[in-house]
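Trainee: coords please:
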Amino acid sequence: MKKKADSDLSRFGKLAEYNRKRRFGVTPEPAGKLARAKERQLQFVVQKHRATRLHYDFRLEHDGVMLSWAVPKGPSLDPSVKRLAMQTEDHPIEYNEFEGVIPEGEYGGGTVMIWDRGTWEPEVEDVDRALTKGDLKFRLIGKKLRGSWVLVRTRERQWLLIKHRDEAASAVDITAAKPRSVVSRRTLSGIARSAGASPRQLAHAEEADRPPPARSR
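Mentor: Here you go, the predicted structure:
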């Protein structure tokens, strides 16, 4: 049976793993299909996601899908700070519009916010070659994240997200300074309430909304 199920999913190509992990009759996430690459500006999105733990899903459009990394502490504008970014399964481009709640018991169950979005430009001649090499340089044009960045692979599926030194670099903690959705202006708990989150999910969202404790000097 498993072999047949895997064969059925093969038609989704790069999105097979994404589809395998989800029950679309239960989760409101988009099923999505592999899109044709178009000659237009490439999209990026960062989704703030309180699942088992709070993290930020960083996604870059490439070859009809959204390449995806989970960044536990979120992006940093400080070039001296290297953020761990764990590569996850490719997502459909339709996922860029998803803001809501994944039900408890489902893969990634929790509240999802569109924290930032915009377009991106490769700073390499060949994106596939850069991904294979594990050194992808790019420029972001978003509401919160801008300027030049790099993703550097350190191990299989383990990368570092680093801001380059340019006019957009800053010591400001952007995740604390701008915690709300760029689409709805809501907090995680606001999204959770309106989407019918469970009491536990709402409590987790409220906890994630609290500002981090001030650092001692």
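
Trainee: Look up the closest residue to the residue nearest the centre of the chain, ignoring the ones flanking it.
Mentor: When Cα atoms, centre = their mean is applied to the chain, the residue found nearest the centroid is residue 57 (2.0 Å). Distance criterion Cβ to Cβ, 6 or more residues apart in numbering; nearest residue to residue 57, sequence neighbours excluded, is residue 47 at 4.4 Å. Where C-beta positions appear, they are placed from N, C-alpha and C, glycine not excepted.

Trainee: can you give me the helices in this protein?
Mentor: Here the chain has its helices, by DSSP state H, at 2-9, 16-20, 127-133, 174-177, 188-194, 199-209.

Trainee: re earlier: wait, the residue nearest to residue 57 touches residue 59, no?
Mentor: Yes - using Cβ atoms under 8 Å, residue 47 is in contact with residue 59, at 7.3 Å.

Trainee: what number of residues lie near residue 24?
Mentor: 11 (other Cβ atoms under 10 Å).

Trainee: Next one: the closest residue to it other than its chain neighbours relative to residue 25, how far apart?
Mentor: Spatial nearest neighbour of residue 24, chain neighbours left out: residue 31 (4.9 Å); criterion: Cβ to Cβ, 6+ apart. Distance, residue 31 to residue 25, by Cβ to Cβ, to the nearest Å: 10 Å.

Trainee: Can you pick out the residue with more neighbours from these two?
Mentor: In this view residue 31 and residue 25 are compared by other Cβ under 10 Å, and residue 31 has more residues nearby, 13 against 5.

Trainee: I'd like the distance from residue 193 to residue 205, if you could.
Mentor: Residue 193 sits 8 Å away from residue 205, going by Cβ to Cβ.

Trainee: Any idea how many residues pack against residue 22?
Mentor: Applying other Cβ under 10 Å, we find 19 residues neighbouring residue 22.

Trainee: Show the contacting residues for it.
Mentor: For residue 22, the contact set (Cβ atoms under 8 Å, 6 or more residues apart in numbering) comprises 29, 31, 106-107.

Trainee: Could you pick out the buried ones from those residues?
Mentor: Among the contacts of residue 22, those classed as buried by 16 or more other Cβ atoms under 10 Å are 29, 106.

Trainee: Export the contacts of residue 22 as CSV, with columns for distance to residue 139 and pLDDT.
Mentor: What follows is those, written out as CSV (distance: Cβ to Cβ, whole Å; pLDDT from 0 to 100):
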residue, distance to residue 139, pLDDT
29, 29, 97
31, 31, 90
106, 35, 97
107, 32, 96
